[in-house]
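A.B. asks: what follows is a predicted structure for the sequence shown.
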Amino acid sequence: EVELQTDGNRSGHLQNGDLVFDPQVNEEIVRIIAAQLAEIGDQFDKEIKARVVNDLVQHFLNENLSGEEITRHMSEAVEGLVRAIPSDMEREKATLVLAMVLTKKIANTMPSLLQRVFRTTVNYISQQLHNYIVRMVSAVKQ
């Protein structure tokens, strides 16, 4: 299991109160991937309309929606945006970057939603893109 951190730092976990880094994750590989994704994200950032972000903010503010329902709304928004991306880009890469850019835009619009939107995005990426991330890390290693 390889865990890609959105900030480009090595993944790790707490063991007996101390942070322990996972030895199989090469920090340089993670930085290369993060730089590539950030570059694509900067391009996509301009393409995302405020209406899409504001609609998602309203869903995240709705306390009556379950995590599953919010993830579904996020998925629908990402899928709608992916359809507008040029077809020369790998679909999974576009999906990953758009999910992260949407997370950033929602958190910038409504900072109080940061924890909820981050948790939802991590769940969405874990459910939808886990195999793609593993393949991406493996490809950079080679």
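C.D. replies: On my side now, so go ahead. No experiment lies behind these values; they were computed from the predicted model shown.
A.B. asks: buried stuff in the strand or helix carrying Arg31?
C.D. replies: Taking DSSP states H and E as the criterion, Arg31 maps to helix 27-45. Within helix 27-45, the residues that count as buried by 16 or more other CB atoms under 10 Å are Ile29, Val30, Ile33, Ala34, Leu37, Ile40, Gly41, Phe44. Just so you know, the C-beta spots here come from the backbone N, C-alpha and C atoms, and that holds for glycine as well.
A.B. asks: any chance of those in a markdown table, plus distance to Val134 and pLDDT?
C.D. replies: Written out in a markdown table, the entries for the buried residues of helix 27-45 read as follows (distance: CB to CB, whole Å; pLDDT from 0 to 100):
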| residue | distance to Val134 | pLDDT |
| --- | --- | --- |
| Ile29 | 12 | 80 |
| Val30 | 13 | 78 |
| Ile33 | 12 | 84 |
| Ala34 | 16 | 85 |
| Leu37 | 15 | 88 |
| Ile40 | 19 | 86 |
| Gly41 | 20 | 88 |
| Phe44 | 23 | 86 |
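A.B. asks: and of those residues, the nearest to Lys104?
C.D. replies: Gly41 (7.8 Å; CB to CB).
A.B. asks: the closest one reaches Val101, doesn't it?
C.D. replies: Yes: in this structure, Gly41 sits in contact with Val101. The criterion is CB atoms under 8 Å, and the distance is 4.8 Å.
A.B. asks: residues of the longest helix belonging to the chain that come out buried?
C.D. replies: Using DSSP state H to assign secondary structure, the helix with the most residues in the chain is helix 114-141. Neighbour-count burial for helix 114-141 flags Arg116, Val117, Thr120, Thr121, Tyr124, Ile125, Gln128, Leu129, Tyr132, Ile133, Met136, Val137 (criterion: 16+ other CB under 10 Å).
A.B. asks: center of this structure - which residue?
C.D. replies: Met100 (3.4 Å; CA atoms, centre = their mean).
A.B. asks: pLDDT of the longest helix of the chain, averaged?
C.D. replies: Helix 114-141 carries an average pLDDT of 87.
A.B. asks: quick revisit: which neighbouring elements make contact with the helix holding Arg31?
C.D. replies: For helix 27-45, the helices and strands in contact under the criterion 3 or more CB pairs under 8 Å, 6 or more residues apart in numbering; DSSP states H and E are helix 91-109, helix 114-141.
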